[in-house]
Structures are given as structure tokens and as C-alpha cells.
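> Quick one: sequence and predicted model below, then my questions.
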Amino acid sequence: MNPMVTRFQSDFGRVHLHAAWDVTEIKAAVESILVEFADRLPKDLSARVVIKPNLNNDLVALVGNSTDLRVIGALVEGLINRGHSNLLLADGANVGVDRRGIDGFARLRIDRLAEHYGIQTANLNETEGLPLPLYSGAMPKVAREVLEADCLISVPTVKTHVEAVLSCAMKNWVGIVRGQDKRQVHYSLARNIHGLNEAVAPDLVIVDGVIGMEGNGPGDGEPFRLGRVLGGDSAFLVDIAVCRVLGIDWETVPYLQCAAESGHVSPPMVAAIQAALEPVYEVALAPARPRLAEWAEARSLRWLKRVVQPLLGEGVLLESAYRMGVVQDVYALGDDTISGVLRKDVDCGDCARCAQFCPTGLTPQEIGVKTDLEHCIGCLYCWWVCPDGTITLDGELGHMERQVLRYKKTVESL
């Protein structure tokens, strides 16, 4: 019995929990999940496989906000090695990113990872969509690429959420809704998250639980080391399992309550999961939303928000809204201009953290030492985790400056 793996299998479905931290362990975990859940993959190797990570905004994945490139890369590599030739990496970022025209795929280096593996990407905010009737009058358009996929693989990360309590497998599905139509999901957030998962079920869920975000999530929390990768064949079951792992009472998660009302979650399922899995980390939940933030999201006041939004921009008003808790996400419109990293090899210790976090498997002898590396995608993970400052950047931080000031020291210590 492998102590690094916990397997749950029952009539409710399957969840496999793998301990993983560095890139080697992550690849092993994802490969094991692909073996164990091979029946969830299409037999036709030319079938369209859509991989949907969580690319909520432009925060680097190492702070727990978006899906780790190491997990995505391991999945893509595993599928390619099995002969799957029609892969699409797709997501639609939140309404703030979409409204400002920010290229989150570029900022998160998703575009470079896809180029490295020779696969396609799609910004689901900009693709054709088909209307899906949900609750409270919501009729958002869901991306056609998702609806017409032969196989859907959801790759969420683990975050607390100020409205939904938990953001993981089921909440990840909000990203299949096009652009500003995501606002309609908030007409009745819990029921509409549940409705999306009822209408469009993923074939396989692979959870990036390597680094999560706790506290004021999903966009303004603190990273924490969970060190887990989960695989499952049901988004409902996976989220119950994640609640158990994080010590969250699942009944406090509104969309899981909706799933229970519809029969997708049952007391026997919960009891079985709780018997099979042990809590790993006691997560700090998001604080209560300020009343002003609730007013700002009120459906009856959407017209006022549309009037005010152009005034926020990047300046003092936006900072004030952030400090008052009205918004979590503060975006800079200027992209970074980082063109490479430089490592002072003579001053470097033997921690090898740079290699542990490299999505493409570069070695300490290559990272920041050799130039024009064929397999470097410029993700900057090596720089983010370097604890002694021997890795430096060539270029300007741009939009990254704020998150570097907030998170760099914390990421180094994970």
C-alpha cells in the first residue's frame, strides 16, 4: 500500500488523493490518475479533449489562485504520450479580466506552455456560446467548445471563496460561461453553480491541491501548502472530498447544499468519504463580506456599477474600493516585459527549489545559467521560489509588481 496515495471507491464514484509537491511527484500523481481513470478518457485518440483549468485572473499560480502549470503540463504530457492528438486548453477568466481586455493566458504563461506541447488554446470569453437556462432568470451563454467536446477534463485549484465558501471542482465550471455573462451566474450563485454542473458534467476532475489559497479568496487570500493532487470522476464527490481534506463542514458550502437537495450528494456519500479520508490542513475560511460589497453586487444596482466602473481604472478610486473590501482584484494594464532569468551560480546553494518548480523539468545546471533554452517557457516559477535572491529577472515587472510585493516572501517560504 502506497502511503502517498489514498483511494476511495464506492457506488458514489471514485476519488484518489495523492501527496505531491515537486514537479516529479506531481507528474507521478497525474500519471497515476490517468492510469486509474483510463475509462474516463476517450478510446478514439482523435477525439476532442478540452482541458479546463482555473485561470481566474492574472495572479501567478504559486499564490494558489490559478492552476499550477506543473499540473497542467503533466496532464497534457500524459495525454500526448497516450496518443491523444486533439487537445484544447481553454478557460474564460473573471469579468474584471475580460472587461479590461487583459490577456491572462499570456500573463500566466499558459500560451507558452501550450506552444511548448504543440496544443491549441481558447479564451472561452471570446468564443461562440449557446444559452443555458439556469436559476433566477439567468440565461448565460456557455462556450460551444465545451458543449461539443468529446471529453472534458476539469483542472481546478483549491481556494476559499468569500461568497461560495469553497472554490474547487464545481465552482471551476463558472469559467465555461462566456465573458460578462458570468454576472448572470451571480443572480443565484449557489444554484447556478449547481445548475452548470448538472447540465455539463466533466468526465474527469484532476484537482491542483499543491498550493491553495485561504482566507479572503478567491483573489485576495493567502497561499498555503497543501501538497495534494486529487483525481475523481464526479465534481460533486470531489468537492465533498476536498471539504474533508480541508476540515470544512460541507453543509456550509451553499452549492453543495443545492447538490444535496437534488440528490447528487447524500448522507451515505458524505459518511463514506469521511471514513476514507482524513483532514490534511485546517483552512482559514474567507471573512464575511462587507455590507458595501454585497450592495455593489445587488442585481438591482447593476446599472450603478456599470456607471461607476469606468471611473475606477487603475487609480485612487480603485485602491479605495479595494481597501473597503468592495473589490478583491486590482489589475494593472501594463504587462510585464520579463525576457529571462539570470542565476548567480557561484552564490547558489543546494536547495534545487528552482528545478522542483520548473514545469518543463529544467535542471539547476540550466535554469538561469544557459540562454535560449528550448524548453523554458518563462513562467518565472524558479524566481518566485528562490529563497536567497540568486535568481534575478531581466525586464520590468509591470502588472506583477503588486503581487510580488504582496506574495514573494510567502511563496519563498512554502
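Here it is on my side, so go on. Numbering: from 1, shown residues only.
> tell me how far the ends of stretch 343-362 are from each other?
Stretch 343-362 has an end-to-end distance of 13 Å (C-alpha to C-alpha, to the nearest Å).
> give the contact list for T157.
53-54, 61, 64-68, 167-168, 207-209, 211-213 (C-beta atoms under 8 Å, 6 or more residues apart in numbering). In short, each C-beta sits where N, CA and C put it, glycine included.
> Need the residues that contact the helix or strand encompassing I80.
Secondary structure from DSSP states H and E places I80 in helix 69-81. Residues outside helix 69-81 that contact it (C-beta under 8 Å, 6+ apart): 23, 26-27, 29-31, 34, 41, 49, 51, 53, 61, 87, 89, 108-110, 113, 116-117, 119, 153, 155, 206, 208, 210, 229, 357, 359-360, 377, 379, 381.
> ok, back up a step: any idea which of the contacts of T157 has the most stuff around it?
Using other C-beta atoms under 10 Å as the neighbour criterion, V207 leads these with 33 neighbours.
> In the sheet, which residues pair with it? Tell me.
L230 (DSSP bridges).
> Tell me the spacing between it and F37.
13 Å (C-beta to C-beta, to the nearest Å).
> any residues in contact with both of these two?
G231.
> so who does E115 touch?
I377.
> Okay, and it sits in which element?
Going by DSSP H and E, E115 is in helix 110-117.
> Now that helix: buried residues?
Buried residues in helix 110-117, defined by neighbour count with 16 or more other C-beta atoms under 10 Å: 110-114, 116-117.
> In JSON lines, list those along with distance to P218.
Shown next, in JSON lines, are the buried residues of helix 110-117 (distance: C-beta to C-beta, whole Å):
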{"residue": "I110", "distance to P218": "18"}
{"residue": "D111", "distance to P218": "22"}
{"residue": "R112", "distance to P218": "24"}
{"residue": "L113", "distance to P218": "22"}
{"residue": "A114", "distance to P218": "23"}
{"residue": "H116", "distance to P218": "27"}
{"residue": "Y117", "distance to P218": "27"}
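> among the contacts of helix 69-81, which ones are buried?
23, 26-27, 29-31, 34, 41, 49, 51, 53, 61, 87, 89, 108-110, 113, 116-117, 119, 153, 155, 206, 208, 210, 229, 357, 359-360, 377, 379, 381.
> Out of the residues you listed, which sit inside helices?
23, 26-27, 29-31, 34, 110, 113, 116-117, 381 (DSSP state H).
> now, among those residues, which is nearest to A276?
Set against A276, the nearest of those by C-beta to C-beta is A29 (17.7 Å).
> ok, that closest one - contacts?
A29 neighbours (C-beta under 8 Å, 6+ apart): 18-20, 74, 229.
> Am I right that Y331 is in contact with G398?
No: Y331 is beyond contact range of G398, at 11.3 Å (criterion: C-beta atoms under 8 Å).
> So between these two, which is more surrounded?
Relative neighbour count places Y331 above the other of Y331 and G398, with 20 against 15, counting by other C-beta under 10 Å.
> Check that one and give its pLDDT.
pLDDT, Y331: 83.
> ends of stretch 32-50, how far apart?
20 Å.
> Then stretch 8-24?
24 Å.
> Give me the mean pLDDT for stretch 146-165.
97.
> ranges for the strands of the stretch 301-414 of the chain?
Assigned by DSSP state E, counting those that start in this stretch, the stretch 301-414 of the chain shows strands spanning 340-343, 391-394.
> now R14, what's its secondary structure?
strand (DSSP: H, G, I helix; E, B strand; the rest coil).
> and the closest residue to it other than its chain neighbours, how many neighbours does it have?
Leaving aside its sequence neighbours, R14 sits nearest to D233 (C-beta to C-beta, 6 or more residues apart in numbering; 5.3 Å). Neighbour count for D233, taken as other C-beta under 10 Å: 21.
> and what of D335?
15.
> The closest residue in space to it that isn't next to it in sequence and K408: what is the separation?
Distances taken as C-beta to C-beta, 6+ apart put G398 closest to D335, at 5.1 Å, once the chain neighbours are dropped. Computed as C-beta to C-beta, the G398 to K408 distance reads 15 Å.
> Which parts of the stretch 251-400 of the chain are helices?
254-261, 267-276, 291-297, 302-312, 316-323, 353-356, 381-385 (DSSP state H, counting those that start in this stretch).
> Averaged pLDDT, the fifth one. What do you get?
This means helix 316-323. Helix 316-323 comes out at a mean pLDDT of 61.
> before we move on, what about the longest one?
Along helix 302-312, the predicted confidence averages to a pLDDT of 54.
> Surely R7 and H16 touch.
Yes: under the criterion of C-beta under 8 Å, R7 makes contact with H16 at 5.0 Å.
> more neighbours, the two?
H16 (21 against 15).
> residues contacting K52?
90-91, 146, 152-155, 172-173, 175-176, 202.
> Same check on V97?
57-58, 104, 329, 331.
> let's go with 6 Å and repeat that
Applying C-beta atoms under 6 Å, 6 or more residues apart in numbering to V97 gives the contacts 57, 104.
> highest average neighbour count across the strands of the stretch 301-414 of the chain?
Of the strands of the stretch 301-414 of the chain, the one with the most neighbours on average (mean count of other C-beta atoms under 10 Å) is strand 340-343, at a mean of 18.
> who does it touch, helix- and strand-wise?
On a contact count with 3 or more C-beta pairs under 6 Å, 6 or more residues apart in numbering; DSSP states H and E, strand 340-343 meets strand 391-394.
> what is the mean pLDDT for the strand it packs on?
92.
> For it, give me every contacting residue.
In contact with strand 391-394 (C-beta under 6 Å, 6+ apart) are residues 338-343, 368, 382-383.
> As a markdown table, the residues you listed with pLDDT and distance to I240 would be great.
Formatted as a markdown table, those follow (pLDDT from 0 to 100; distance: C-beta to C-beta, whole Å):
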| residue | pLDDT | distance to I240 |
| --- | --- | --- |
| I338 | 94 | 40 |
| S339 | 90 | 45 |
| G340 | 88 | 44 |
| V341 | 91 | 41 |
| L342 | 89 | 46 |
| R343 | 85 | 43 |
| G368 | 86 | 43 |
| C382 | 95 | 36 |
| W383 | 96 | 37 |
